[in-house]
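> Provided below are the primary sequence and the corresponding predicted coordinates.
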Amino acid sequence: MADVIAEAERISAAAAEARIAVKLVGGAAVNLHCSSARQAPLKRKYGDLDFVAASKQRQAVQKLFESLGYQGDRRFNTLNGDQRLLYLDEVNGRQIDVFIDRMKMCHVIELANRLGHEGPTLTPADLLLSKLQVYEVNMKDLVDTTALLLDHPIADHDNDAINAAYLARLTSEDWGLHRTLQLNSGRVRDAVRDLDVDAGRVSQRLDELWARIDGRPKSLKWKLRARVGDRVSWYELPEEVRQPYQKA
């Protein structure tokens, strides 16, 4: 299917019917979860699709994508299948990444226990986390983050809201993740000034989120790492696995 959002919906519907907890992440997930992402100035084009699944359903996930017409990258999946699966749609020049149990990018986000909810995407908090944990954040990430903040209140649950209690817990245990989210929150605040959106709402929700994060007691490991600060790198720069026919 040429339309990437329609294809994301097709895959998610097939996964739900088969009772496989495959959750969409990335820009297409934000599009499905946020009405703001489907209209100017936050509407944008999407390319590849990314999903997260649990290792206990890995074989079912592989069968699902094969049944939907995708070709697995046999060598990559054999070598990396415990962490990530790669599927190709050569007709539409599209790549699908399936992260297993966790997203390992600039930071490691454990998600195996965050996939049991209804709906095709990760929760709003995990979608926000997936965007803000990218150290070299780009404008697409900032636009998607803006949509998430515009459309979801800050709360202590995952029911169509950004779960601040969950994010506060994660960042209280990991100084590096806290630092990256802190820097990128500032970049979001700067970006919304140049977008025709309700910048006040975005800023207010970031204030609410950071009040919860800052109010959470930090672990001893966090405090020790904070003493080192920015003098030592605290993030990874992941390399994309990209097929030759694809455009960046």
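Noted; the coordinates are in hand. Numbering: from 1, shown residues only.
> center of the protein - which residue?
Nearest to the geometric centre of the chain sits Ser130, at 3.0 Å (CA atoms, centre = their mean).
> Am I right that that residue is in contact with Met103?
Yes. Ser130 is within contact range of Met103, at 6.2 Å (criterion: CB atoms under 8 Å). Yep, even glycine has a C-beta here, placed from its N, CA and C like the rest.
> Give me the common contacts of the two.
Residues touching both Ser130 and Met103 (CB atoms under 8 Å, 6 or more residues apart in numbering) are 25, 109.
> got any ranges where this structure has weak pLDDT?
Applying pLDDT under 70 to the chain flags residues 1-2, 240-248.
> Do a quick rundown of the strands in the chain.
Assigned by DSSP state E, the chain shows strands spanning 23-25, 49-53, 71-72, 84-89, 94-100, 102-104, 108-110, 154-155, 162-163.
> If you compare the directions of the fourth one and strand 49-53, what angle comes out?
Computed with axes from the mean of the first three to the mean of the last three CA atoms, to 10 degrees, the direction of strand 84-89 lies at 140 degrees from that of strand 49-53.
> Can you list the strands that strand 84-89 pairs with?
Here strand 84-89 has these sheet partners by DSSP bridges: strand 71-72 (antiparallel), strand 94-100 (antiparallel).
> now do the last one
Paired strands of strand 162-163, with direction, are strand 154-155 (parallel) (DSSP bridges).
> what does stretch 163-178 rub up against?
Residues outside stretch 163-178 that contact it (CB under 8 Å, 6+ apart) are 107, 109, 123-125, 128-129, 133, 154-158, 181, 208-209, 212-213, 215-219, 221-222, 225-226, 234-235.
> out of the residues you listed, which are buried?
107, 109, 123-125, 128-129, 133, 154-155, 158, 181, 208-209, 212-213, 216, 218, 222, 225, 234-235 (16 or more other CB atoms under 10 Å).
> got the strands paired with strand 84-89 as a markdown table, with mean neighbour count and distance to Gly119 columns?
Putting these into a markdown table (neighbours: other CB atoms under 10 Å; distance: least, CB to CB, whole Å) gives the following:
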| stretch | mean neighbour count | distance to Gly119 |
| --- | --- | --- |
| strand 71-72 | 15 | 26 |
| strand 94-100 | 21 | 17 |
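> want to try TSV for the ones you listed, with distance to Asn80 as columns?
Output for the strands paired with strand 84-89, formatted as TSV (distance: least, CB to CB, whole Å):
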stretch	distance to Asn80
strand 71-72	11
strand 94-100	9
